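>>> What would the 3D arrangement of this be:
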Amino acid sequence: MEELRGEWDGATSFAPGAVSERWWSSISQQYTAEGRVYHGPNYLAQLFSLYHQHQDKLANPQAVALAIFFHKLEYNPRSCDSELKNVEKFDEFVSEAGEGQQDSAVASAVRALLEASVNNLTEAHMVEGGAGTEDLHYFLDFTTGVLGCPSQEYQQYTTKIQAEYVHLPTASYNQLRLKMLKNLVLMPNIYATPEFQKEREKAARENLQWEIESLQG
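Have a look, this model is predicted:
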């Protein structure tokens with residue numbers, strides 16, 4: 001996690017040092033917890049790599065950076081409300097960051113991004129030929145970037161994701177995963193931004209189809 005410390009310090013520049021330090025300790029513990037086979041430090045590093053590639057297109061890069069840290073802070077594959085808990089976690093953090101911070105433009109933007117990550121959908125995803133260039137569109141594309149990565153990397157990702165659902169029998173996991181994958185391939189756009197559509201959409205559809213066939217095999 002230490003290689004991400006600079007990202008955290010930059011994103012929390014408005015918070016007192018003691019508050020930032022305390023939350024960094026908590027975030028480090030959460031993302032390195034046992035069971036985080038995929039959604040751990042490497043996952044955050046992947047998102048920040050994409051973030052820096054597209055940072056110049058973001059209206060509020062500080063808010064996007066904070067959303068990256070908080071959107072999987074609470075992560076429990078056995079539960080369906082982790083994303084909503086992360087909005088609450090962010091509110092806890094920003095309430096400690098100083099008077100007025102809860103109502104700041106950055107805080108409002110982070111909340112909107114975290115709330116959107118519950119469903120990972122925008123109009124740009126659902127309209128044929130649609131695309132978006134707002135921070136929301138980039139943030140969601142960062143979080144699903146792995147779907148359009150090279151096939152070998154995608155296969156490694158699927159193994160790690162299944163390992164996070166070790167509590168489920170294989171048949172149950174395959175059934176749930178298939179349902180999700182089939183819904184994804186039916187979407188007009190897996191990615192919302194023009195850049196991700198151009199660079200990753202085709203590969204994402206090929207990867208998803210490969211996994212569907214593998215699970216049905």
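>>> all helices in this protein, in order from the N-terminus.
5-11, 17-31, 41-54, 61-70, 82-96, 105-116, 123-126, 135-143, 151-164, 170-186, 194-216 (DSSP state H).
>>> Please point out which parts of the third one sit buried.
It refers to helix 41-54. By 16 or more other CB atoms under 10 Å, the buried positions in helix 41-54 come out as 43-44, 46-48, 50-51, 54. Bear in mind the C-beta positions are built from the backbone N, C-alpha and C, glycine included.
>>> Would you enumerate the residues in contact with the nearest residue to residue 106 once chain neighbours are set aside?
Nearest non-adjacent residue to residue 106, counting by CB to CB, 6 or more residues apart in numbering: residue 63, 5.0 Å away. Going by CB atoms under 8 Å, 6 or more residues apart in numbering, residue 63 touches 105-106, 109-110, 113, 135.
>>> Tell me the one of the buried residues of helix 41-54 nearest residue 148?
Nearest to residue 148 among those, counting by CB to CB, is residue 50 at 10.8 Å.
>>> my read: the closest one touches residue 143, true?
No - Residue 50 lies out of contact with residue 143 (CB atoms under 8 Å); the separation is 9.1 Å.
>>> Dead centre of the protein: give me the residue that sits there.
residue 143 (3.4 Å; CA atoms, centre = their mean).
>>> buried set for the lowest-mean-pLDDT helix or strand in the chain?
Here the helix or strand of the chain ranked lowest by mean pLDDT, DSSP states H and E is helix 82-96, holding a mean of 92. Neighbour-count burial for helix 82-96 flags 82-83, 86-87, 89-91, 93-94, 96 (criterion: 16+ other CB under 10 Å).
>>> which one of the residues you listed is nearest residue 131?
Closest to residue 131, out of all of the buried residues of helix 82-96 and judged by CB to CB, is residue 83, at 24.3 Å.
>>> From residue 165, how far off is the closest one?
Residue 83 sits at a distance of 17 Å from residue 165 (criterion: CB to CB, to the nearest Å).
>>> which residues does the closest residue in space to residue 137 that isn't next to it in sequence contact?
Counting by CB to CB, 6+ apart, residue 137 lies nearest to residue 192, which is 3.8 Å off, once chain neighbours are set aside. By CB under 8 Å, 6+ apart, residue 192 lies in contact with 122, 124-125, 130-132, 136-138, 140-141.
>>> Using PyMOL, define a selection of the buried residues within those residues.
A single PyMOL command is used to select the members of the contacts of residue 192 judged buried by 16+ other CB under 10 Å:
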select buried, resi 122+124+125+131+132+136+137+138+140+141
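>>> Which pair of the contacts of residue 192 spans the longest distance?
130 and 138 (14.9 Å).
>>> For the closest residue to residue 117 other than its chain neighbours, list the residues it contacts.
For residue 117, ignoring the flanking residues on the chain, the nearest one in space by CB to CB, 6+ apart is residue 71 at 4.8 Å. By CB under 8 Å, 6+ apart, the residues touching residue 71 are 83, 86, 113-114, 117, 143.
>>> Got the domain ranges for this structure?
Residue ranges for the domains of the chain, per automatic domain parsing: 1-118, 146-217.
>>> Can you give me the end-to-end span of the last one?
Using CA to CA, to the nearest Å, the end-to-end distance of domain 146-217 comes out at 23 Å.
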